[in-house]
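S.K.: Quick one, fold the following:
(chains A and B)
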Amino acid sequence: MNEPVIQIENLTKTYRTGLRRSQVFAVRNISLTVKQGSIVAFVGPNGAGKTTTIHSLLGFLKPDRGTIRLFGQPTGSASLRRRVGYQCEIFHTYPFYTGTQALNYYGQLSGISKDVLARTIPVLLDRMGLGAAANRKASGYSKGMTQRLGLAQALIHEPELLILDEPTSGLDPEGRRLVLEIIRDEKAKGRTIFLSSHILADVERTCDEVVMVRQGEVAFSDQVSSFSNDSQEWEIEVTGFTDAIREALSPQCSVVSMNGDSAVLLCTSEEKREVLKSLLSFPLDIGTIQRRRTGSLEDAYMKHVGKA
Amino acid sequence: MLRTVLVVRNAFRGILHARSMYLWIIAVLVVGIRLAPQIIFRDTQMNIAAFGNRRPPPTGLSAEDLAKYQEIQKKEQEVQIQRMQEAFRRSRPGALAGGLSTWSTLAIFFAILLGSYALASEVQAKTVITVLARPISRWELLFGKWLAIQIFGVLSLIVGVAIHVAVGWYLSVTFSSILWLALLDAMVAIMLYSALAIALGTLMGPLVAAGLSAVVYLLAGFINFIIDAKTQWVHLLGTVLDWIIPPGMKSVFAQSVDATLALDRSALSKTLLENLLYCAIFFVLACVIFSRREVRLG
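M.R.: Numbers count the residues shown, from 1 in each chain, chains lettered A, B, ... in the order given. As a prediction, this is how the structure comes out:
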């Protein structure tokens, strides 16, 4: 169950740019392992080397140094690609194909028979919310529909490993939710998923592990479960806050920040009920009440990858 | 095999989607300019007056001699008209053969254009990575694209032959069975130059690849002149080019409409075999280069 599906060791890839053909590192000594049945997120800003790593994984790019193994074998063979489903960042397909025809083409290229495809394509398109547009030309699809078609083509041959480059990019909230649900469903079926994303909330909701890259190097990696939001402290946002109220509440809670008459108060879970009762007795408005986010994925991102 | 068939179908749909059939309209216009006089003036009497004024009668002739003189002049004019019409009629087969040869040359240029864009269009549209992420070999992708171009090439030749046979029927010109050999020669040239364009297209931009392929096609016609040069280095250059550059299309369409013209079958067979060999070399080179190169979307 925990066999490594992806093994990258010391991957280095450079490009030469400009008239002087100066060397630019796209990725430098990246090492990571993705175990079977897990969802691993590859997170980093634009230009951090996420797509270069994915393209090296798929054999589109040749590493300068380092080794890449998929299912324990070197990348590049056609038989390995049969086991991999890939969705690129912005999916592009042939404008003369309908959704069904596109999936037929990609499915047959992956070695799936026409009969099987005739059964699976309508189901898959329905699952992607594209059932009504199945016979429309893909050139007429919206960006979100095209992205969902991209995910469908990655799933059409039921691969063991899914490599998704920004799968929720360009999707509306509904589409994003659908795609995240599908990713979780695929994990439940035992598939291994390696995805790159900018959206940390998606990573927190779906992934088991996170690997953060910055300027082509792995800056941080950990289990997503280690970023817990189960803090015992609560933040309460209020407006109409005055010094008199502050003084009255001082034994129960502290003030985290204050801006004009708006303030964010901090209290423990045990104190929360009493604090809220007290607040109701004052002439102020209570805004959001939420657990204090400490040690979140976002904090880790800002610490290891962000400019701050 | 199935994957190649899929790529052929996909690539051919791509060719049709790119409105490539409009190229045939260009070909019809080019060939039409050549054939139009034959079609328009098929039954029209030549107006000899258009070629110069008649000599004025000598002065001092009697009325009877003047009438005889005019009678002789009229007969001379009729003979001239007949000769001109005969010459015009005799040029019909040549015009038709020239038209078909031009059409074939254009079909070769269309194949060069499609070949040089075969891969570039996929890379520019970014559709190539979704295909190459599948269990398909890169040579299968190139072979499928090359085959799709051959289908378009065959269709181009069929359309050209249909037009010329129809015009030939209208002008009472018949084609001999040599037409099949001429078409085979053109088809092999299409195979050859599309393979060259695909090979160059894996190395460089599509426009440069198309331009270079066209130069190779055009150079084939000049190599003998270069080899025959008296300057030694030019002669040497010609000899080297003779090895590098394939012989290209022989164009034996003239022999298919004129039985008096001799056809050197052994020379034609040699050219066809050489072209096929070069075609195979270029295609293998294309596969080797494409298999080794990285796929970057820019």
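
S.K.: for the stretch 51-200 of chain A, what spans make up the helices?
M.R.: Taking DSSP state H, counting those that start in this stretch as the criterion, the stretch 51-200 of chain A carries its helices at A:78-81, A:99-109, A:114-127, A:143-155, A:173-188, A:200-206.

S.K.: now swap in the stretch 201-308 of chain A and tell me
M.R.: According to DSSP H, counting those that start in this stretch, the helices that the stretch 201-308 of chain A contains are A:243-249, A:269-280, A:297-304.

S.K.: so which of the ones you listed comes closest to chain B?
M.R.: Chain B sits nearest to helix A:297-304 of all the helices of the stretch 201-308 of chain A, at 26.7 Å, using CB to the nearest CB. Where you see a C-beta, it was placed from the backbone N, CA and C, and this is true even at glycine.

S.K.: pull the CA atoms of that closest one into PDB?
M.R.: What follows is helix A:297-304, C-alpha atoms only, in PDB (Å, rounded to 0.1, in the frame of the first residue of the first chain):
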ATOM      1  CA  LEU A 297      -0.600  25.900   6.100                       C
ATOM      2  CA  GLU A 298      -0.700  29.600   5.100                       C
ATOM      3  CA  ASP A 299       1.600  30.500   7.900                       C
ATOM      4  CA  ALA A 300       4.000  27.800   6.800                       C
ATOM      5  CA  TYR A 301       3.800  29.000   3.200                       C
ATOM      6  CA  MET A 302       4.500  32.500   4.200                       C
ATOM      7  CA  LYS A 303       7.400  31.400   6.400                       C
ATOM      8  CA  HIS A 304       9.100  29.100   3.900                       C
END
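
S.K.: on that earlier part again, quick one, which of the helices of the stretch 201-308 of chain A gets closest to A:V24.
M.R.: Ranking those by their distance to A:V24 (criterion: CB to CB) puts helix A:297-304 first, at 21.9 Å.

S.K.: elements contacting the closest one?
M.R.: helix A:200-206, strand A:209-214, strand A:217-223 (3 or more CB pairs under 8 Å, 6 or more residues apart in numbering or on different chains; DSSP states H and E).

S.K.: highest average neighbour count across those?
M.R.: strand A:209-214 (a mean of 23; mean count of other CB atoms under 10 Å in any protein chain shown).

S.K.: Now do that one against helix A:297-304, angle only.
M.R.: Here strand A:209-214 runs at an angle of 30 degrees relative to helix A:297-304 (axes from the mean of the first three to the mean of the last three CA atoms, to 10 degrees).

S.K.: Can you check what angle separates strand A:209-214 from strand A:217-223?
M.R.: Going by the same axes, to 10 degrees, strand A:209-214 makes 160 degrees with strand A:217-223.

S.K.: Just the element for the closest residue to A:E217 other than its chain neighbours, please.
M.R.: With sequence-adjacent residues excluded and distances taken as CB to CB, 6 or more residues apart in numbering or on different chains, A:E217 is closest to A:R28, at 5.1 Å. Using DSSP states H and E, A:R28 sits in strand A:22-35.

S.K.: strands paired with that strand, and their directions?
M.R.: Paired strands of strand A:22-35, with direction, are strand A:4-17 (antiparallel) (DSSP bridges).

S.K.: got a list of what residue 102 touches?
M.R.: Went with chain A since none was named. Shown in contact with A:A102 (CB atoms under 8 Å, 6 or more residues apart in numbering or on different chains): A:93-94, A:138, A:149, A:153.

S.K.: please go with chain B instead
M.R.: The contact partners of B:T102, taken as CB under 8 Å, 6+ apart, are B:27, B:30-31, B:34.

S.K.: B:L207: what's it in contact with?
M.R.: By CB under 8 Å, 6+ apart, B:L207 lies in contact with B:S116.

S.K.: Would you indicate which residues of the helix or strand encompassing it are buried?
M.R.: Following DSSP H and E, the helix or strand that holds B:L207 is helix B:206-220. Applying a neighbour-count criterion of 16 or more other CB atoms under 10 Å in any protein chain shown, one finds B:206, B:209-210, B:212-214, B:216-217, B:220 buried in helix B:206-220.

S.K.: as a whole number, average confidence for it?
M.R.: In this model, helix B:206-220 has an average pLDDT of 92.

S.K.: pLDDT (mean, whole number) over the helix or strand following it?
M.R.: Remark: after helix B:206-220, the chain's next helix or strand is helix B:223-227, criterion DSSP H and E. Taken as a whole, helix B:223-227 has an average pLDDT of 83.

S.K.: can you list contacts of helix B:223-227?
M.R.: In contact with helix B:223-227 (CB under 8 Å, 6+ apart) are residues B:234-235, B:237-239, B:241-242, B:245.

S.K.: Which ones among the residues you listed map onto helices?
M.R.: B:234-235, B:237-239, B:241-242 (DSSP state H).

S.K.: need the contact list for A:T288.
M.R.: A:235-237.

S.K.: so after the helix or strand hosting B:V79, what's the next helix or strand?
M.R.: B:V79 belongs to helix B:63-124 when assigned by DSSP H and E. Using DSSP H and E, the next helix or strand after helix B:63-124 towards the C-terminus is helix B:128-132.
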